[in-house]
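Chemist: model the following, please.
(one chain, ligands or ions: 1)
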Amino acid sequence: METIDVLAICGSTREGSHNRSLLRAARRLAKAPLRVEVWDDHARIPRLDATRGRPFPPAVGALRERVAAADALLLVTPELSRGIPGQMKDLVDWLSILAPPRPLVGKPVALMSASTNRFGGVFAQLQLGDMLRRVGAEVLSDFDVAVGFAHRYLDADGVLTEEEARDDITRLWRRVLARVADDRPAVPA
Ligand SMILES: Cc1cc2nc3c(=O)[nH]c(=O)nc-3n(C[C@H](O)[C@H](O)[C@H](O)COP(=O)(O)O)c2cc1C
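Modeler: Next up is the predicted model:
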């Protein structure tokens, strides 16, 4: 089967981020034909300025093209004050601007989150999923992968010791695989 290209973005740039560790764990659990590439160029993304007619900043333009080219997106979001962090919101806004190549329209998106509290960031995931649907993306999960007490279950290398969470990740990857494979034209005989 052809490679399935997943672009993965973590919404935290914090050193020692639990969400980045979760992304690492998820990447490790992704089996061929899934290929997970991590985008981590937050520092070059400016705050949103959606002035009509103004060209996208180069890093934003590059990200929009990269997202458009990917078969699916994985967004791993922290939860701050019951919502997504500002940098994740800026990314969604930059990506949602309806100029070609309309990167989010119809894009399959898987969501994950980790937090140090019991609920694992589910409120941020719900918020993010809602926003993404609003701008035309296809959200493949509703808080299926949410790692609570992340400081206990995740280490910096992306070792996830909670078996149920590993199973949830595997289930979500299967969903991504099935969704993208469904979209591919059948190979002519
Ligand atoms: C200002 C602030 C607000 C927070 N609010 C929430 C919250 O509403 N819900 C939650 O689950 N965790 C909350 N947390 C805890 C974060 O989820 C936790 O620090 C997490 O590790 C952040 O993600 P990161 O490790 O990937 O940077 C908050 C943390 C901070 C610093």
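
Chemist: and P33, how far is that from V109?
Modeler: 19 Å (CB to CB, to the nearest Å). Every C-beta, even on glycine, is put in place using the N, C-alpha and C of the backbone.

Chemist: of those two, which one has the most company?
Modeler: V109 (21 against 14; other CB atoms under 10 Å).

Chemist: for the more buried one, helix, strand, or coil?
Modeler: What DSSP: H, G, I helix; E, B strand; the rest coil gives for V109 is strand.

Chemist: what are the bridge partners for it, then?
Modeler: For V109, the beta-bridge partners are L73, V139 (DSSP bridges).

Chemist: from R44, how far off is it?
Modeler: 22 Å.

Chemist: could you report the neighbour count for K107?
Modeler: The burial count for K107: 21, using other CB under 10 Å.

Chemist: how about the contacts made by it?
Modeler: K107 makes contacts with V67, A70, A72, L73, G136, A137, E138, as judged by CB atoms under 8 Å, 6 or more residues apart in numbering.

Chemist: go on, G11?
Modeler: Applying CB under 8 Å, 6+ apart, the residues near G11 are N19, L75, V76, T77, P78, I84, P85, Q87, M88, L91.

Chemist: what pLDDT is listed against the fourth one?
Modeler: Okay, so that is T77. With respect to pLDDT, T77 scores 98.

Chemist: same check on the first one?
Modeler: In this prediction, N19 carries a pLDDT score of 98.

Chemist: what about the protein, any weak spots by pLDDT?
Modeler: Scanning the chain for pLDDT under 70 picks out 1, 143, 186-189.

Chemist: follow-up on the earlier one: can you narrow the contacts of K107 down to the ones near the ligand?
Modeler: With the criterion set as CB under 6 Å from any ligand atom, no member of the contacts of K107 is near the ligand.

Chemist: can you flag the buried ones in these?
Modeler: For the contacts of K107, a burial check counting by 16 or more other CB atoms under 10 Å picks out V67, A70, A72, L73, A137.

Chemist: any idea how many residues pack against the residue lying closest to the first one once chain neighbours are set aside?
Modeler: Looking back up the chat, that one is V67. If the residues on either side of it in the chain are set aside, V67 comes closest to P103, at 3.9 Å by CB to CB, 6 or more residues apart in numbering. Neighbours of P103 under the rule other CB under 10 Å: 26.
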